[in-house]
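J.: What shape does this take:
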Amino acid sequence: MRKIIIVFLSGLMLLSACVPAAPVEEVNVEMQTGKANYDTDPQYTPEEALELALAMNKFAFDLYNEIGNEQENKLFSPFSLYQALMMLYAGAREQTAEQFESVMHLPWTDESLHRVSNALNIALSSKDSSQEDEQAFILQIANAIWGQQGAHIEQAYLDLLSANYAAGLRSVDFSQSQQAADLINQWAEEQTLGKIKDIAKPAMFNSNTRLALTNAVYFKGAWLYPFQEAATYAEDFTNLNGDVSQVDMMHSTESFWALKNEEVQIVELPYYQSSIVMDLIAPSDGDWQTFLQNLTLDKLNENFDDLSEARVELSLPKFKIETPEMELINPMKELGLVDVFGMEADLSGMSGDKSLYVSTLVQKAFIDVNEAGTEAAAVTLAVVQVKGMLSPETLKISFDKPFMFLLRDTSTSTILFAGQVVQP
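T.: Residues are numbered from 1 along each chain as shown. This is a model prediction of the structure:
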């Protein structure tokens, strides 16, 4: 038996199971770093790293329950989102900061938080990015800040992000919205080896945009015990609605850390030359809804406590998930992070005043699980605007059911035509 603390890295454990990009016009992007150099050797204790990882896991579990539908495939990177939120939190003050602290379960509220975050990122990242060993795992974490040309950003904020997140400020003109989106998309595609494309849209930016913050996570790992392609063949997979479909099912019989009891079955798949694993988790009786309703992080950790080494005859479907752009403001509001997205936002640590708010928070994610291993990537984008551009709440109206219509003269209130549509 052993204790395992889950670190949700790139959405790898969170599943319920190319056209080349147009060339970007060459633009000279001015880089401005903080006065503090990036700290490549931050001091920390194992206890501090464990405490921050636990906070991330609590946040990941909260978000897992908030995002999506149990009837759908699900994939996201709580780790990437947490990194973006950390950079936003660095500029938050007063009640806005307190909401970050509560929702993110932050163990500390001083600058030691960012020091330990940096240390954890370095510890997680692969040390050797050379391609000499095709099986060597890769975990790359990258951050960037995009700032409006000439706009004031507090020096202390730039210093903190430069020292702890290796995030230099790239000066762009957000009024050239297409160009700004192209630059951010090019960065995202480069950081994820082409897996995440077109996360930034021109409509996200305008002349009142002041900052965009991006985080990218890329993972590639070969299984320690690869599945043999010859042992992959079509088998039945029962969907939640009871329908049965044929899928490519991989098979392997190996010694894994595993658990199977009346409630849950878990198999831990290790990667070659990596401490990262993929945990496969399912209810033993197949009752997915009840399983999700009763699942807690504490219960999951208890299950991981009970893992033991066993000979496992494993069947696992090959799968690939590529999410559309996932809007994250509403889920974050549901978790309690509210003020930063509206008129009450206090991001004075960024700008020196309370003029800014977060207008966009989105993520795209990708995962491919096959016989050789796993490739996964995610990019999170946050856009910071001047409050003067804050629009009233948008109404969503869809006439996707029978409706009535009128042709009416507004000057006399005379109805000229009336009708209804029940079958367009």
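J.: Identify the single longest strand in the protein, thanks.
T.: Among the elements of the chain assigned as strand by DSSP state E, the one spanning the most residues is strand 244-260.
J.: Quick one: name whatever helix or strand follows that one.
T.: Downstream of strand 244-260, the first helix or strand assigned by DSSP states H and E is strand 264-270.
J.: Which neighbouring elements make contact with that following strand?
T.: In terms of contact count using 3 or more Cβ pairs under 8 Å, 6 or more residues apart in numbering; DSSP states H and E, strand 264-270 is assigned the packing partners strand 244-260, strand 277-283, helix 297-305. For every residue, glycine as well, the C-beta is placed using N, CA and C.
J.: Looking at the ones you listed, which is nearest to residue 142?
T.: The stretch from the helices and strands packed on strand 264-270 with the least distance to residue 142 (Cβ to Cβ) is strand 277-283; that distance is 22.6 Å.
J.: Could you list every helix and strand that that closest one packs against?
T.: With contacts taken as 3+ Cβ pairs under 8 Å, 6+ apart, strand 277-283 sits against strand 264-270, helix 288-294, helix 297-305.
J.: List the neighbouring strands of the longest strand of the chain plus their orientation.
T.: Counting by DSSP bridges, the strands paired with strand 244-260 are strand 233-238 (antiparallel), strand 264-270 (antiparallel), strand 308-317 (antiparallel).
J.: ok so, going back, for residue 238, which of the helices and strands packed on strand 277-283 is the nearest?
T.: The closest of the helices and strands packed on strand 277-283 to residue 238 is helix 288-294. By Cβ to Cβ, the value is 10.5 Å.
J.: pull the CA atoms of that closest one into PDB?
T.: Provided in PDB are the C-alpha atoms of helix 288-294 (Å, rounded to 0.1, in the frame of the first residue of the first chain):
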ATOM      1  CA  TRP A 288     -21.800   6.200 -13.600                       C
ATOM      2  CA  GLN A 289     -24.300   8.800 -12.300                       C
ATOM      3  CA  THR A 290     -24.300   7.400  -8.700                       C
ATOM      4  CA  PHE A 291     -20.500   7.000  -8.800                       C
ATOM      5  CA  LEU A 292     -20.100  10.700  -9.700                       C
ATOM      6  CA  GLN A 293     -22.600  11.800  -7.100                       C
ATOM      7  CA  ASN A 294     -20.800  10.000  -4.300                       C
END
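J.: Tell me which residues of it come out buried.
T.: Across helix 288-294, burial judged by 16 or more other Cβ atoms under 10 Å covers residue 291.
J.: what packs against it?
T.: Packed against helix 288-294, as judged by 3+ Cβ pairs under 8 Å, 6+ apart, are the following elements: strand 277-283.
J.: tilt between the strand it packs on and strand 244-260?
T.: The directions of strand 277-283 and strand 244-260 differ by 110 degrees, with axes from the mean of the first three to the mean of the last three Cα atoms, to 10 degrees as the criterion.
J.: what's the closest of the helices and strands packed on strand 277-283 to residue 325?
T.: Closest to residue 325 of these, according to Cβ to Cβ: helix 288-294, at 24.6 Å.
J.: wait, residue 139 sits on residue 275?
T.: No - no contact is recorded between residue 139 and residue 275 when judged using Cβ atoms under 8 Å, the distance being 10.0 Å.
J.: of the two, who's got more company?
T.: Neighbours per residue (other Cβ atoms under 10 Å) separate residue 139 from residue 275, with residue 139 holding more: 21 against 10.
J.: Packing partners of the one helix or strand the more buried one maps to?
T.: Assessed by DSSP H and E, residue 139 sits inside strand 138-148. With contacts defined as 3+ Cβ pairs under 8 Å, 6+ apart, the packing partners of strand 138-148 are helix 78-89, helix 112-124, helix 155-165, strand 169-172, helix 177-191, strand 209-222.
J.: Kindly recompute the last result at 6 Å.
T.: Under the contact definition 3 or more Cβ pairs under 6 Å, 6 or more residues apart in numbering; DSSP states H and E, strand 138-148 sits against strand 169-172, strand 209-222.
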